[in-house]
Each structure stands twice: as structure tokens, then as C-alpha cells.
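below: sequence and its predicted model.
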Amino acid sequence: MANVSVSKKACSVNPLKMSQPIGGALAFMGLRGAMPLLHGSQGCTSFGLVLFTRHFKEAIPMQTTAMSEVATVLGGYDNVEQAVLNIYNRTKPEIIGICSTGVTETKGDDVDGYIKLIREKNAAVAHLPIVYVSTPDFKDAFQDGWEKTVTRIVETMVEAPKSAARRDPTKINVLPGCHLTPGDLDELRTIIEDFGLEPTFLPDLAGSLDGHIPDDFTPTTIGGVGVEEISMMGQAGWTIAIGAQMRQAAEAMQKKTGVPFRLFERLCGLEANDALMSFLTDISGRPAPMKYRRQRGQLVDAMLDGHFHIGGRKLAVGAEPDLLNEIGGLLTEMGAQLLVAVTTTQSPVLERLPTEEVLIGDLEDLENLAKAKDCDLMVTHSHGRQAASRLKIPFFRMGIPMFDRLGGGHQLMVGYRGGRDLIFDISNLLMADHEDNHEPTPDSWRDGVGPSHAATSH
């Protein structure tokens, strides 16, 4: 069992974590026709806009209540009402998702009460779905904001079936964690549909942020799961929750509708995907299609080929808890050692990570620990590139934001194909690093090749 500790520094020097409100806003972006609205200052929203635009390379719908110092002191009702009416009149959204921020939480704005008053005073928005989530950014992290938002959507928008007879066993709810990319969701959709099942993803970023070009300009999200589809999720036969962060939402779904759930803490690697195939076989009554037997063989072969390069590596990983669990678990199964694990927030998966110590800290902690433990591979988002450069070790980008490379939204790690491709990408990175920096040259023949890279010469 790993020991989980929290950094004692007075401040984050090089932040790893992102705030709850933008995690909640991203969850709302997986709904069709949605407009996320941050109740706070303009700066809070500007940060999220820049972050997501640089990562997804797409237009990002996000609005703000633009709280000033005076409005914050007097209360934000007027700002929330004006924002809701402006959004409704100008963009005609199917749903508005409101996330609070630190400044309005400190003031103690009663946003649920505001929404009730706005509906009473303005008939035009009386029946417009408006979901409010409390996501103060002075505590917790990005993953927590996503978790709370999905749970709140389930609690407020999913309708309980009038009778169990209306439940359709071929319909499956999928509650993906924020660590999965649109590419991962597309892969999962294909897998589930190949078993004759009909999945509904909540949220569905693959429909809104997968990089497709719409026919016309749309000021709201251009795809995702619809409001009506969400209301009917109570008629599904099962709920599949992916990542420990989705347990609360799955339990809320079960409590409200009676739909049972199966939680997969990981879907990256051989054993995790064997469990998924077994579960889909059980609930569909169909054997796994032959193509997945072939893909499983490809993953096993990739693990055999990749372990020559990954085995024995000393890892330093900085990521949200569920992403840390996915990548750390896969690479340790390949023979690597997870010596440094730095994350952003508490989670039950942290104690089960294959390492001795997990630190809730920042990228400075990741760099210092990686240097102290002589790590030779770093995995984190794009802000870790300078640390890896200073340490002169290979750097693999995973997570949000990934702004200095294309295709972050399509990076794949779930399913047999996802694990296979991830192993190839990391192995190729290590091979290139060996060729560029550790191949013997006429100048180094006298001293020979360093022992830490001898294994990569296979």
C-alpha cells in the first residue's frame, strides 16, 4: 500500500493541478448545445478558455458572469440573471451549466436560489435546463470538478423509470472520467456496439471536441449527449463507470433509477481490458468478436517487444489520480519502477498504486524527486517539458494541457489497441532518446555506454 502525503510548501511553485471550475466546465462541454458559465471574475473564465483552446485546437464555448469587486460584495444575482438572459437570447442553448469559483463561494452566493428567481421573473427561461454545481477553486482539483458536475447532472436531469419493465437491457450508460480523451470514448463506443449494445456517454466529449468541422457556426457545443438522451438514461440495463472518480455519479444513478453499475478503475492494459470484455460478454450474452481476440494478441506481442525498452526504467509521473493509475499501472506491468508519483488531489486509488510514496504536490516536487531518485523517464502534461529538459531525460506527454503537440484529443490508451499504441509510442521515444543521446561515438568509446541505458540496446 502506497503512503499518500501532501506537500508542506507554502505555495505551488510550478503548478501541476488545475482548478475545479474548469473541470466542471469541461464536463458540461460533453453535452450537446451547452454553454458552460463560470460564476466569478473574467480571469477565471479566460484561463479556462486559453487552456482548452490550446489543448483541443478548437473553438471553446464558455461564458462568465464577470463579477467585479462591488458585485462580489453586494451579491451576484444581477450578474447571473444578465448572463443567463444574454446567453439565451444570443446563443439559444439547450442547457446552461453554471460552475461557481472561489470568489463567489467565499461571498456565499445562493445560486440555486438565484436560478429559481430568474425562472420566476423571466418566462423565456422558465423551462430552460440550468444546472448549478458548487466548484470552489480554493480546494480540490480538476478531476473533482468533473466528478461533481457529472454527479449533479445525474441527480437533476436523469428521470427515474416509471416501472422496471421499461428498462432496456441493450442500452448501456457509460460515465467516463476526465482522464479519457475523445479518442478513448470513440474506441469504447466501438467496443460496446460490437457486442450489440447501445451506449450513452455522459459526458460525451467525443461528440463535441473530437475535432470535426461542423456545417455551420454554432456558438454552443457542437455535439455531445443531448438533454433528452440524459433524461432517458434511467431506462438502461447497466451503467459502466470508468475511473474511481465516477463512483459517486454511478451511485447517484443507481440510487435514483435502480440501474446497477460496474466500476472499472482502469481500462489501460491487458488485465483491465480482459475484465471489460468478460463483463460485456456477460451482459450481452454474446462472445467477444474475433477481432478483439486478434487485438489482444497484438497487445501481448507489443508488451513482449516493448519490455526490452520499458523494463527497468525508473519512472516519474505527474498526473490526476485516475490518469496516474492508468499509466503507472501499465508501465509497472511492463517491468518499469514507479519511483516518483505526484498527483493533484485525494483519491482512493492512490493507496493502491504500485509505488511506496504518492505526493500531492506540484511539478517542482516532481522534478526534485525525479532528480533525487535518478529517474530516466518523465510522464506528465506539457508544462513538465522544461523539467525533463533540465534533467536530460525522455519526456512523454499525457493529460491536459498538451499544447505543444497535435492530437492530444485523440491520444488513445483504452482497449487492446490503445494499450498497444501507448507501448509503441513510449518505446519509440526511449529508442530515439537512446540513439540521440546514448549511442557510443568515437568520443565516448573510451568510457563505454552508461549502465542505465544498456538495456535499450537490444
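Yes, it's here. Fair warning: this is a prediction, and the values are worked out from it, not measured in the lab.

which residues touch the helix or strand bottoming out on mean pLDDT in the chain?
Every helix and strand in the chain was compared by mean pLDDT, DSSP states H and E; the lowest is helix 69-74, with a mean of 89. For helix 69-74, the surrounding residues in contact (CB atoms under 8 Å, 6 or more residues apart in numbering) are D78, N79, V103, T104, K107. Using the backbone N, CA and C atoms, a C-beta is placed for each residue, glycine as well.

state whether the first one is indeed within a strand.
No. Under DSSP: H, G, I helix; E, B strand; the rest coil, D78 sits outside any strand and is assigned helix.

next, count neighbours for the nearest residue to it once chain neighbours are set aside.
Leaving out its chain neighbours, the residue that sits closest to D78 by CB to CB, 6 or more residues apart in numbering is A71, at 7.1 Å. By other CB atoms under 10 Å, 19 other residues sit near A71.

how close does A71 sit to V103?
10 Å (CB to CB, to the nearest Å).

output the below-cut-off pLDDT ranges for this protein.
Where the chain drops to pLDDT under 70, the residues are 445-458.

buried sites along the helix ranked longest in it?
Ranked by residue count under DSSP state H, the longest helix found in the chain is helix 290-310. By 16 or more other CB atoms under 10 Å, the buried positions in helix 290-310 come out as Y292, Q295, R296, L299, A302, M303, G306, H307, F308, H309, I310.

same question, stretch 42-58
C44, T45, F47, G48, L49, L51, F52, R54, H55, F56, E58.

show me the helices in the stretch 351-458 of the chain, by range?
Along the stretch 351-458 of the chain, the segments classed as helices by DSSP state H, counting those that start in this stretch run 363-372, 385-391, 415-433.

need the ones you listed in a markdown table (columns: distance to V174 and mean neighbour count).
Output for the helices of the stretch 351-458 of the chain, formatted as a markdown table (distance: least, CB to CB, whole Å; neighbours: other CB atoms under 10 Å):
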| stretch | distance to V174 | mean neighbour count |
| --- | --- | --- |
| helix 363-372 | 32 | 20 |
| helix 385-391 | 33 | 16 |
| helix 415-433 | 13 | 20 |
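
output the ones you listed as CSV; include the columns distance to D186.
CSV is the format used below for these (distance: least, CB to CB, whole Å):
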stretch, distance to D186
helix 363-372, 30
helix 385-391, 27
helix 415-433, 10
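
partner strands of the helix or strand where L175 lies, with direction?
In the assignment (DSSP states H and E), L175 maps to strand 168-176. On the basis of DSSP bridges, the sheet neighbours of strand 168-176 come out as strand 198-201 (parallel), strand 236-242 (parallel).

P401: which of those is closest?
Ranking the strands paired with strand 168-176 by proximity to P401 (CB to CB) places strand 236-242 first, at 21.3 Å.

can you list the buried residues in the closest one?
Of the residues in strand 236-242, those buried (16+ other CB under 10 Å) are A236, G237, W238, T239, I240, A241, I242.

what do you get for stretch 331-350?
Neighbour counts using 16+ other CB under 10 Å place 331-345, 347, 349-350 of stretch 331-350 among the buried residues.

so which of those residues sit within helices?
Short answer: these in helices (DSSP H) are L331, T332, E333.

so which of the helices of the stretch 351-458 of the chain comes closest to V154?
V154 lies closest, by CB to CB, to one member of the helices of the stretch 351-458 of the chain: helix 415-433, at 25.1 Å.

which neighbouring elements make contact with that closest one?
helix 182-193, helix 270-284, helix 290-310, helix 321-333, strand 395-397 (3 or more CB pairs under 8 Å, 6 or more residues apart in numbering; DSSP states H and E).

dump the ones you listed into TSV; add distance to G145 as well.
Formatted as TSV, the helices and strands packed on helix 415-433 follow (distance: least, CB to CB, whole Å):
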stretch	distance to G145
helix 182-193	19
helix 270-284	25
helix 290-310	33
helix 321-333	13
strand 395-397	22
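
among those, which comes closest to T156?
helix 182-193 (22.6 Å).

just checking, what packs against the closest one?
Packed next to helix 182-193, using 3+ CB pairs under 8 Å, 6+ apart, are strand 168-176, strand 198-201, helix 205-208, helix 270-284, helix 415-433.

and those as JSON lines, adding distance to H381?
Output for the helices and strands packed on helix 182-193, formatted as JSON lines (distance: least, CB to CB, whole Å):
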{"stretch": "strand 168-176", "distance to H381": "19"}
{"stretch": "strand 198-201", "distance to H381": "23"}
{"stretch": "helix 205-208", "distance to H381": "17"}
{"stretch": "helix 270-284", "distance to H381": "22"}
{"stretch": "helix 415-433", "distance to H381": "15"}
